[in-house]
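# Sequence isn't available, so here's the structure alone:
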């Protein structure tokens, strides 16, 4: 069995690990020179219902990446407005840790490799084609998993945002995102809320060295800094643009909120530099990523794949999807959960086995189904879904599924007959 994973963000890494554990030979293809995608600038884990989902995936037998991530936390169990028991990883050192873990697992990683087309036999992908170091490359496989995300190429950011913000996706250097499902003839879906197509990505980074000494010390010591804004510096209405709706609460409009993820993570989709430098402690502020963070950020949720609850893409027999490609889901935890499920099901499909569809008793399974259903409605296409806030977190609480005790979550999965259902064959 040979499984090709296209896209090396958190979803792609999880899919690769999961497929490898099921016994497949796995090739992970990434167009840039680094893995993790937006995980290179994110860093927030275990906040609110993400803790529940994390511990549930471990109980299901798919928590391998979480173990590596947790070894790289620089702040644990912190709180910031609207969010409890968060942990922050170091974005500067996470990528090489994950790469070494994948390589030690026997996964072949091809970076600097941009997949641009497919070859098909009826509804079956046989080969994906692309460019690597100026040469044409071909990867044949039995199963394929697309985790290319939904941000870029730059034309989308220009049309639906404020232009290219020179973000971590680095489209100009490595080429913009290409949708494999679309190349296979699938009619994909765009998020839309009112007149806004897609959504503006959630935050950008400041050089920690550009903060005042007192502010830097506070951030290093506690992981969080909340700086009240004068009314004349508040940008009313900006929150509605955010991809991360769990942060679209008044606190994020009335304050500048910084998190320590190895850099100073500025929890706003953009903030004009002249205004930022009027805030105490930020007189010398400088953006690190996106470098044009004063004017905008990347536009996401363009080109999502219609799929079933096993994460198989509609209309292509051997293509699965995860992360943002699988719908309007926000966050690293969500990407890892869907990537793990896609990896299992891609292999099971090749083996001729019935796909694993997680039931409502699983918060992950409930989210996969709920998001698919919501995306079939105009209202749902304007929403964003995350375990850490907004619609999906509210749903978890209403159903009594939000738990913070790993032992309780483990017992629930065992009672539902789901214990280790996503583990390797020898571990089940």
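Cool, the structure landed. Remember, it's a predicted structure, so these values are computed and weren't measured experimentally.

# Name the single longest helix found in the protein.
Longest helix in the chain, counting residues (DSSP state H): helix 332-351.

# Compute the inter-axis angle for the helix or strand following it and helix 332-351.
Towards the C-terminus, the helix or strand next in line after helix 332-351, according to DSSP states H and E, is helix 363-374. Angle between the axes of helix 363-374 and helix 332-351 is 90 degrees (criterion: axes from the mean of the first three to the mean of the last three C-alpha atoms, to 10 degrees).

# Please enumerate residues in contact with helix 363-374?
Helix 363-374 is contacted by residues 49, 52-53, 56-57, 60, 307-309, 311, 326-329, 334, 337-338, 341, 357-360, 380-381, 383, 385, 387, 391-392, 395-396, 399, 401 when judged by C-beta atoms under 8 Å, 6 or more residues apart in numbering. C-betas here are computed from N, CA, C, even on glycine.

# ok, of the residues you listed, which come out buried?
The neighbour-count criterion (16 or more other C-beta atoms under 10 Å) marks 49, 52-53, 56-57, 60, 307, 309, 311, 326-329, 334, 337-338, 341, 358, 380-381, 383, 385, 387, 391-392, 395-396, 401 among the contacts of helix 363-374 as buried.

# which residues are contacting stretch 96-106?
13, 16-17, 20, 26, 28, 35-36, 64-65, 68, 71-72, 109.

# So which bits of that stretch are buried?
Judged by neighbour count using 16+ other C-beta under 10 Å, the buried positions of stretch 96-106 are 98, 99, 101, 102.

# For residue 190, state which of those residues is nearest.
Relative to residue 190, the closest of the buried residues of stretch 96-106 is residue 98; by C-beta to C-beta it sits at 29.7 Å.

# The closest one looks like it's in a helix, true?
Yes - counting by DSSP: H, G, I helix; E, B strand; the rest coil, residue 98 is part of a helix.

# Now residue 346. Nearest residue, chain neighbours left out?
In this structure, residue 346 finds its nearest non-sequential neighbour in residue 143, 4.0 Å apart by C-beta to C-beta, 6 or more residues apart in numbering.

# can you check residue 220 too?
Spatial nearest neighbour of residue 220, chain neighbours left out: residue 260 (6.3 Å); criterion: C-beta to C-beta, 6+ apart.

# residue boundaries of the helices in the stretch 151-300 of the chain?
Assigned helices in the stretch 151-300 of the chain, in chain order: 154-160, 171-174, 180-183, 213-222, 251-254, 273-276 (criterion: DSSP state H, counting those that start in this stretch).

# Make a markdown table from those and add mean neighbour count to it.
Output for these, formatted as a markdown table (neighbours: other C-beta atoms under 10 Å):
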| stretch | mean neighbour count |
| --- | --- |
| helix 154-160 | 18 |
| helix 171-174 | 15 |
| helix 180-183 | 22 |
| helix 213-222 | 15 |
| helix 251-254 | 17 |
| helix 273-276 | 16 |
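
# Can you say which of these is nearest to residue 318?
helix 180-183 (11.7 Å).

# low-scoring stretches of the stretch 301-428 of the chain, by residue?
Per-residue confidence for the stretch 301-428 of the chain (pLDDT under 70) gives these ranges: 426, 428.

# Apologies, that question was intended for the stretch 1-150 of the chain.
In the stretch 1-150 of the chain (pLDDT under 70), no residue qualifies.

# what ranges do the helices span in it?
In the stretch 1-150 of the chain, the helices defined using DSSP H, counting those that start in this stretch lie at 10-21, 49-60, 64-70, 94-104.

# Mind putting those helices into a markdown table with distance to residue 265?
Converted to a markdown table, those look like this (distance: least, C-beta to C-beta, whole Å):
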| stretch | distance to residue 265 |
| --- | --- |
| helix 10-21 | 16 |
| helix 49-60 | 16 |
| helix 64-70 | 16 |
| helix 94-104 | 13 |
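
# looking at these, which is closest to residue 155?
For these, proximity to residue 155 was assessed by C-beta to C-beta; helix 10-21 is nearest, at 23.2 Å.

# quick check: angle from that closest one to helix 49-60?
Counting by the same axes, to 10 degrees, helix 10-21 points 10 degrees away from the direction of helix 49-60.

# if we can go back for a sec, list the contacts for the residue nearest to residue 220?
So residue 260 contacts 74, 75, 88, 208, 219, 220, 223, 224 (C-beta under 8 Å, 6+ apart).

# Nearest residue to residue 54 in space, ignoring adjacent ones along the chain?
Nearest non-adjacent residue to residue 54 (C-beta to C-beta, 6+ apart): residue 66, at 5.4 Å.

# Check whether that neighbour really touches residue 56, as I assumed.
No - with contact defined as C-beta atoms under 8 Å, residue 66 does not count as touching residue 56 (10.6 Å).

# Buried residues in stretch 10-27, which are they?
Quick answer for stretch 10-27 (16+ other C-beta under 10 Å): 10-22, 24, 26-27.

# ok, of the residues you listed, which one's closest to residue 187?
Comparing the buried residues of stretch 10-27 against residue 187 with C-beta to C-beta places residue 11 closest, at 21.5 Å.

# Could you find the closest non-adjacent residue to that closest one?
Spatial nearest neighbour of residue 11, excluding adjacent residues (C-beta to C-beta, 6+ apart): residue 323 at 2.9 Å.

# phi, psi of that neighbour?
Torsion angles at residue 323 (phi, psi; degrees, to the nearest 10) stand at phi 70, psi -150.

# what's the distance between residue 7 and residue 352?
Distance of residue 7 to residue 352, given as C-beta to C-beta, to the nearest Å: 26 Å.

# Comparing these two, which residue is more hemmed in?
Taking other C-beta atoms under 10 Å, residue 7 and residue 352 do not tie; residue 7 has more neighbours (29 against 6).

# can you pull the contacts of the more buried one?
Shown in contact with residue 7 (C-beta under 8 Å, 6+ apart): 29, 30, 37, 146, 147, 148, 149, 323, 325.

# Of those - the most surrounded one?
That'd be residue 146 among the contacts of residue 7, by other C-beta under 10 Å, with 35 neighbours.

# surely it meets residue 178?
No - contact criterion C-beta under 8 Å: residue 146 and residue 178 do not qualify, at 10.0 Å.
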